[in-house]
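S.K.: Provided below are the primary sequence and the corresponding predicted coordinates.
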Amino acid sequence: MKKLIEVDHVSNERVSNVQFSLTEGSLTTIIGPSGAGKSSLLLLLNRLEDPDKGEIHFKGKKISDFPISELRRNIGMVFQQAHLFDGTVEDNLKFGPSLQKKWEPNDGVKLLAKVQLPEEFLTKEVENLSGGEQQRVAFARTLANNPEVLLLDEVTSALDMRTVELMEELLHKLVQEEGKTILMITHDLKQAKRLGSYTLFMNEGKVEEQGETSSLFQQPKTAALKHFFEG
Amino acid sequence: MTNISNLSLLTMILFVMIPVSLSYLFSLGIGKSAIWSSIRGVVQLFFIGYVLTFLFSMPDWQGIGLWVAVMLVIASLQAAKRGKGIPYAFLLSLSSLILIEVFVLSLWIAFDIIPFQSEQVIPMSGMIIGNSMVATGLAFERMKNEFHDSKGKILAALSLGANASQASKMIIRKTIRAAMIPNVDGLKTIGLVQLPGMMTGLILGGASPIEAIRYQIVISISIFSSVSICAMIISLVTYRFFFNRKLQLLEGKGGRK
């Protein structure tokens, strides 16, 4: 399988000498304690921050060689909090595509269907949505750009069980049917086990251990990961 | 107009003593400050009275040029204090205030609204510059606070492919709106809730209410326009300072890392 993203000895204030790659059409999970540098790593991949050392490649090319807006559209990011813009759900969904004048009237309904929200939501003011609905709209807003890679920062942490199931189903579909590549931070170890084919364990800014999700969970090698699993 | 004698003016001490007594009675801790502010205000006003008398005795263009320049520099220094951390805050304040003053004064003179006389131009320019100074300072502060409070939304916008201008649009809109709203509200109730200062002054000075209203209309609308333009200039120029060339949001309230 083709390596879509390669992170090569990347360091900055919060991450240290990070190295891994993401295979096209895979779902990789990142686990680790709070303050381990997981969110900072996602910011680096979306170029919302730059590393002090090391290189990140996307499709074999340095990410710094891409026009920034184009790169960010291709490597979409969903934050831990929804951060919706003032206005309606539709205003939010069309934000990205409208910047390129690519918004079609029917796109909103299709995007809402992906995150299992009804059509009527399009005209709702975002302030009237529940936390879970807001998070799903934020997810759909990122999908609106049709990115090849999705960076997800604990997007299911504030959702109820039913919505978590729906979102996990969607993630499966995005990988299996649409060939998306997903890098997802989660605090829920069971979720990491359920969803990931590959897992990174981060601790104190470093990727301490990485590997196939099943073997990483069955046979943790480092003391830090064993300690993390013990809670 | 009746002259207020020095003795009558001295009775104002009684008015000052009321808040001072209240401060001591309720331990508000502002007694000294109230006395000091009152003394400072009186001295400052007498000083300005003599300065204006001197300016009005000079040829109009000299008096106007000199005092408007002084007002512009003082106002810019004051507005720039609120823009601490934003690069070129003083120069930015000064340029926008000069632009506003030149724009408003040119229209007043070109349309024969007021004559180019120190007695007319200096006090009216003072009102324009003063209000624009407040609007400039508030725009600086609002931009810093909004960029701090809306960091998540801006990052979300950038992550969706927005450039700095597109990601800041909501903040620019809020800043201009915040500067305009008090004036919109003020214009709605003008004269109904309280008589505006300029109008009151003119009526006390012996002008007819209709004449006073004409001046008030000119100044109120000019102020409305000036503060809107100021907020627009400040927000449209300063948002860039919150990003680097790689379209990354810079940390810190003033935008700089």
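M.R.: In hand now; what should we look at?
S.K.: List the buried residues for the lengthiest helix in chain B?
M.R.: For chain B, the longest helix by residue count, based on DSSP state H, is helix B:118-149. Within helix B:118-149, the residues scored as buried using 16 or more other C-beta atoms under 10 Å in any protein chain shown are B:118, B:120-122, B:124-129, B:131-144, B:146-147. The C-beta positions use only the backbone N, C-alpha and C, and glycine is treated the same way.
S.K.: Of these, which are in range of chain A?
M.R.: Filtering the buried residues of helix B:118-149 for proximity to chain A by C-beta under 8 Å from any C-beta of the partner chain leaves nothing.
S.K.: for the top strand by length along chain A, packing partners?
M.R.: Secondary structure of chain A read by DSSP state E shows that its longest strand is strand A:3-11. For strand A:3-11, the packing partners by 3 or more C-beta pairs under 8 Å, 6 or more residues apart in numbering or on different chains; DSSP states H and E come out as strand A:18-23, helix A:38-45, strand A:53-58, strand A:181-185.
S.K.: Specify the angle between the third one and helix A:38-45 in degrees.
M.R.: Yep, that's strand A:53-58 we're talking about. 70 degrees (axes from the mean of the first three to the mean of the last three C-alpha atoms, to 10 degrees).
S.K.: What strands line up against strand A:53-58, and which way round?
M.R.: strand A:3-11 (antiparallel), strand A:61-62 (antiparallel) (DSSP bridges).
S.K.: Same question for the first one.
M.R.: The strands that strand A:18-23 pairs with in its sheet are strand A:3-11 (antiparallel) (by DSSP bridges).
S.K.: What mean pLDDT does the partner strand get?
M.R.: Confidence for strand A:3-11, expressed as mean pLDDT, is 95.
S.K.: Buried residues of that strand, list them for me.
M.R.: In strand A:3-11, counting by 16+ other C-beta under 10 Å, buried: A:Lys3, A:Leu4, A:Ile5, A:Val7, A:Asp8, A:Val10, A:Ser11.
S.K.: Reformat the strands paired with strand A:53-58 as a markdown table; add distance to B:Leu158.
M.R.: Shown next, in a markdown table, are those (distance: least, C-beta to C-beta, whole Å):
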| stretch | distance to B:Leu158 |
| --- | --- |
| strand A:3-11 | 19 |
| strand A:61-62 | 19 |
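S.K.: what's the closest of these to A:Arg136?
M.R.: Of all those, it is strand A:3-11 that lies closest to A:Arg136, at 25.3 Å by C-beta to C-beta.
S.K.: residues in contact with that closest one?
M.R.: A:17-24, A:41, A:44-45, A:51-59, A:75, A:148-149, A:181, A:183 (C-beta atoms under 8 Å, 6 or more residues apart in numbering or on different chains).
S.K.: what angle do that strand and strand A:181-185 make?
M.R.: Going by the same axes, to 10 degrees, strand A:3-11 makes 40 degrees with strand A:181-185.
S.K.: Output strand A:3-11 as CSV, nothing but the C-alphas.
M.R.: Backbone C-alpha positions of strand A:3-11 (Å, rounded to 0.1, in the frame of the first residue of the first chain) are rendered in CSV as follows:
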residue,chain,number,x,y,z
LYS,A,3,2.4,5.8,1.9
LEU,A,4,0.4,9.0,1.7
ILE,A,5,2.0,10.9,4.6
GLU,A,6,5.5,10.4,5.9
VAL,A,7,6.6,12.2,9.1
ASP,A,8,10.4,12.2,9.3
HIS,A,9,12.1,13.0,12.6
VAL,A,10,9.9,16.0,13.3
SER,A,11,10.4,18.1,16.4
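S.K.: Spell out, range by range, the strands that occur in chain A.
M.R.: A:3-11, A:18-23, A:27-31, A:53-58, A:61-62, A:75-78, A:149-153, A:181-185, A:198-203, A:206-212.
S.K.: Redo these as a markdown table? Include distance to A:Ala138.
M.R.: Putting those into a markdown table (distance: least, C-beta to C-beta, whole Å) gives the following:
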| stretch | distance to A:Ala138 |
| --- | --- |
| strand A:3-11 | 22 |
| strand A:18-23 | 22 |
| strand A:27-31 | 19 |
| strand A:53-58 | 23 |
| strand A:61-62 | 28 |
| strand A:75-78 | 6 |
| strand A:149-153 | 10 |
| strand A:181-185 | 14 |
| strand A:198-203 | 23 |
| strand A:206-212 | 27 |
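S.K.: Tell me, how many residues neighbour B:Ile113?
M.R.: 16 (other C-beta atoms under 10 Å in any protein chain shown).
S.K.: For it, give me its contacts.
M.R.: Going by C-beta under 8 Å, 6+ apart, the list of residues near B:Ile113 reads B:Leu107, B:Val218.
S.K.: Now it: which helix or strand?
M.R.: Per DSSP states H and E, B:Ile113 falls between elements, in no helix or strand.
S.K.: and it, how far is that from B:Ile122?
M.R.: 15 Å (C-beta to C-beta, to the nearest Å).
S.K.: Likewise for A:Ala138?
M.R.: 55 Å.
S.K.: Chain neighbours aside, what residue packs nearest to B:Phe243?
M.R.: Distances taken as C-beta to C-beta, 6 or more residues apart in numbering or on different chains put B:Ala164 closest to B:Phe243, at 4.3 Å, once the chain neighbours are dropped.
S.K.: Run a quick neighbour tally on the one you found.
M.R.: 20.
S.K.: I figured it was touching B:Leu236, is that so?
M.R.: No - in this structure, B:Ala164 is not within contact of B:Leu236 by C-beta atoms under 8 Å, at 11.4 Å.
S.K.: Cool, thanks, talk later.
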